[in-house]
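1. Only the shape, not the letters, is given here:
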Ligand SMILES: CCCCCCCC(=O)SCCNC(=O)CCNC(=O)[C@H](O)C(C)(C)COP(=O)(O)OP(=O)(O)OC[C@H]1O[C@@H](n2cnc3c(N)ncnc32)[C@H](O)[C@@H]1OP(=O)(O)O
């Protein structure tokens, strides 16, 4: 495939992911008595049939550099992230900014697919957002790092349909331990805060030393 074709294909994939996001939103808002339910199920089934021969084997997709390379593996691991992956429809629209000063931030607006209590973002997703952005801040210190501990304070309701500003910074480093703080703001006010510990594994997984 030529570069031009690759670029067109990429744009089509991004558009498809956006449609899938819109579909998730429509699914959670559907009237349960809708007469289009049978046609909806049928059309989605035919979309899945279209994709059947084009999805990569899971073995090739699991992990980053630890992935089984025996099958084809095209595309970025980060594009498939459930929090910021542009090709993962469960990821909300998020553009990450990771800075040299060991900080990371983003903004996003969440719809009904992320609802916990009425009108509020689900607490587990609040924690996921913080974990992810804080993980990227920690990732400016070391490549192979994992969340070891995360404590979230839900100070106020995190609203749906309003722009959220999520930010994180490395607070301090103590040997292997990378301590990170993060927060979510809505209309300029802090609505959730977190503190967490990120650590590299004691040994880098075999085959990932480079
Ligand atoms: C590119 C995309 C980035 C997005 C990132 C998103 C974040 C993620 O999803 S990460 C996935 C979730 N996390 C995981 O799967 C991690 C699972 N855990 C592990 O693999 C291991 O526990 C690992 C590698 C983190 C740490 O292993 P290990 O070093 O053996 O842990 P452990 O010995 O228990 O703790 C290390 C140190 O931290 C200390 N510590 C652990 N927990 C705490 C805590 N809550 N408070 C204070 N200290 C603590 C321990 O006391 C120990 O201290 P010391 O070394 O001084 O004795």
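-> Ah, there it is. Computed from a prediction, not measured in an experiment: that's the story for all the values here.

2. only C-alpha atoms for contact and neighbour calcs from this point on.
-> Will do.

3. mind showing which ranges of this protein have poor pLDDT?
-> 63-75, 204-210 (pLDDT under 70).

4. The ligand versus the residue in it sticking out farthest from the centre, what's the distance?
-> Distance from the C-alpha centroid of the chain, by C-alpha atoms, centre = their mean, peaks at residue 35 (33.5 Å). Here the criterion is C-alpha to the nearest ligand atom, to the nearest Å. By it, residue 35 lies 40 Å from the ligand.

5. So that residue lies in a strand, does it not?
-> No. Counting by DSSP: H, G, I helix; E, B strand; the rest coil, residue 35 is not part of a strand but coil.

6. Residue 172 is in contact with residue 196, isn't it?
-> No. Counting by C-alpha atoms under 8 Å, residue 172 stays clear of residue 196, with 10.8 Å between them.

7. list residues touching both of these two?
-> 179-180 (C-alpha atoms under 8 Å, 6 or more residues apart in numbering).

8. Among the two, which residue is more densely surrounded?
-> Taking neighbours as other C-alpha atoms under 10 Å, residue 172 and residue 196 compare with residue 196 leading, 23 against 12.

9. Kindly report the domain assignment for the protein.
-> 3-55, 92-199 (automatic domain parsing).

10. What is the end-to-end distance of the first one?
-> The separation between the terminal residues of domain 3-55, taken as C-alpha to C-alpha, to the nearest Å, is 21 Å.
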